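Colleague: predicted model and sequence follow; I will ask about them next.
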Amino acid sequence: MSHGKQFTLYSHKKGPNGWKVAFVLEELGLTYETIYLDFQAKEHKAPEHTKYNPNGRIPTIIDHHNNDYVLWESDAILYYLVEKYDPEHKVSVTDEGDKFHQLQWLFYQSSGQGPYFGQAAWFTFYHHEQLPSAQERYKGEIKRVFSVLESVLSKQEWLVGGKTTIADLSFIPWNDFAVPGIVDIDFAKEYPATAAWHKKLVEREAVKKVLAIRAGL
């Protein structure tokens with residue numbers, strides 16, 4: 001593999017979590033090559049990938065400018081990228097208290113949003129039988145997460161530090177997938193502050209660039 005680009009990003013064309021890493025790489029102007037793993041062919045579980053990521057999931061990055069440093073888990077990757085490559089704090093915060101709040105939201109995204117939204121998608125589209133009770137539970141969790149975001153974003157423009165950060169960016173892909181893909185809601189009417197926040201995020205130049213790449217695959 002040529003290491004002309006600084007990062008190798010192992011991702012998936014449809015998997016939401018890889019795209020958030022691409023957003024931040026673009027925001028910071030970092031160069032990267034994306035390898036889209038074929039889940040049908042189990043490439044994510046193959047030794048060529050699990051030698052880097054024993055969990056056999058995406059995303060995984062290799063930082064070729066840092067002794068081929070390997071990292072997996074999407075929000076850990078976001079934190080690494082800004083800690084190491086965002087000295088101007090383009091998408092990160094400086095205040096110590098804000099740093100912990102930034103981390104708090106990353107934990108909430110990875111534990112509260114991603115798994116529940118993912119389970120909602122699984123039981124809606126991929127499970128071998130239709131289980132309305134499971135679908136109802138996880139679709140209800142999507143609405144609960146939106147309610148939590150709404151309670152905060154109705155009082156402030158961004159999640160932390162009064163600016164766009166990795167905390168905000170981390171939520172984009174699953175929000176994008178959930179509405180209208182999984183839940184049938186009027187996003188702008190039921191969660192107006194959250195919908196407005198999401199709209200501002202997807203209109204960022206770096207995010208638009210990555211979304212255009214995704215649309216072209």
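Modeller: Cool, the structure landed. Computed from a predicted structure; not experimentally measured.

Colleague: flag the shaky bits of this structure, pLDDT-wise.
Modeller: For the chain, the stretches with pLDDT under 70 are 1-2.

Colleague: that one: strands as residue ranges?
Modeller: In the chain, strands defined by DSSP state E lie at 7-11, 32-36, 60-63, 69-72, listed in chain order.

Colleague: ok, which of the ones you listed comes nearest residue 179?
Modeller: Checking the strands of the chain against residue 179 by Cβ to Cβ gives strand 7-11 as the closest, at 22.1 Å. To be clear about C-beta, it is placed using only N, CA and C from the backbone, and glycine gets the same treatment.

Colleague: got a list of contacts for the lengthiest helix in the chain?
Modeller: The single longest helix within the chain, with elements called by DSSP state H, is helix 132-153. With Cβ atoms under 8 Å, 6 or more residues apart in numbering as the test, helix 132-153 has contacts from 108, 112-113, 116-117, 119-120, 123-124, 127, 159, 171, 178, 182-183, 185, 190-194, 196-197.

Colleague: mind putting the strands of the chain into JSON lines with mean neighbour count?
Modeller: As requested, these are exported to JSON lines (neighbours: other Cβ atoms under 10 Å):
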{"stretch": "strand 7-11", "mean neighbour count": "22"}
{"stretch": "strand 32-36", "mean neighbour count": "17"}
{"stretch": "strand 60-63", "mean neighbour count": "23"}
{"stretch": "strand 69-72", "mean neighbour count": "16"}
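
Colleague: residue contacts, the spatially closest residue to residue 78 that is not a sequence neighbour?
Modeller: Ranked by Cβ to Cβ, 6 or more residues apart in numbering and with sequence neighbours excluded, the top spatial neighbour of residue 78 is residue 166, at 4.3 Å. Contact criterion Cβ under 8 Å, 6+ apart gives 24, 75, 78, 79, 81, 82, 91, 92, 102, 106 as the residues in contact with residue 166.

Colleague: count the neighbours of the second one for me.
Modeller: The number of residues packed around residue 75, counting by other Cβ atoms under 10 Å, is 22.

Colleague: what does the third one give?
Modeller: Neighbouring residues of residue 78 were enumerated by other Cβ under 10 Å; the total is 26.

Colleague: quick one: contacts for it?
Modeller: Residue 78 makes contacts with 20, 21, 24, 106, 166, 169, 170, as judged by Cβ under 8 Å, 6+ apart.

Colleague: how much space separates the residue of the chain most remote from its centre from residue 121?
Modeller: Checked against the mean C-alpha position of the chain, the extreme residue using Cα atoms, centre = their mean is residue 129, at a distance of 28.0 Å. Distance, residue 129 to residue 121, using Cβ to Cβ, to the nearest Å: 16 Å.

Colleague: what does residue 153 give?
Modeller: For residue 153, the distance to residue 121 (Cβ to Cβ) stands at 23 Å.

Colleague: same check, this time on residue 81
Modeller: Residue 81 sits 26 Å away from residue 121, taking Cβ to Cβ as the criterion.

Colleague: just residue 80 next, same as before
Modeller: Computed as Cβ to Cβ, the residue 80 to residue 121 distance reads 27 Å.

Colleague: now do the domain split for the protein, please.
Modeller: Structural domains of the chain, as assigned by automatic domain parsing, span the residue ranges 7-90, 96-205.

Colleague: columns distance to residue 211 on top of the ones you listed, output as TSV?
Modeller: As requested, the domains of the chain are arranged in TSV below (distance: least, Cβ to Cβ, whole Å):
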stretch	distance to residue 211
domain 7-90	8
domain 96-205	7
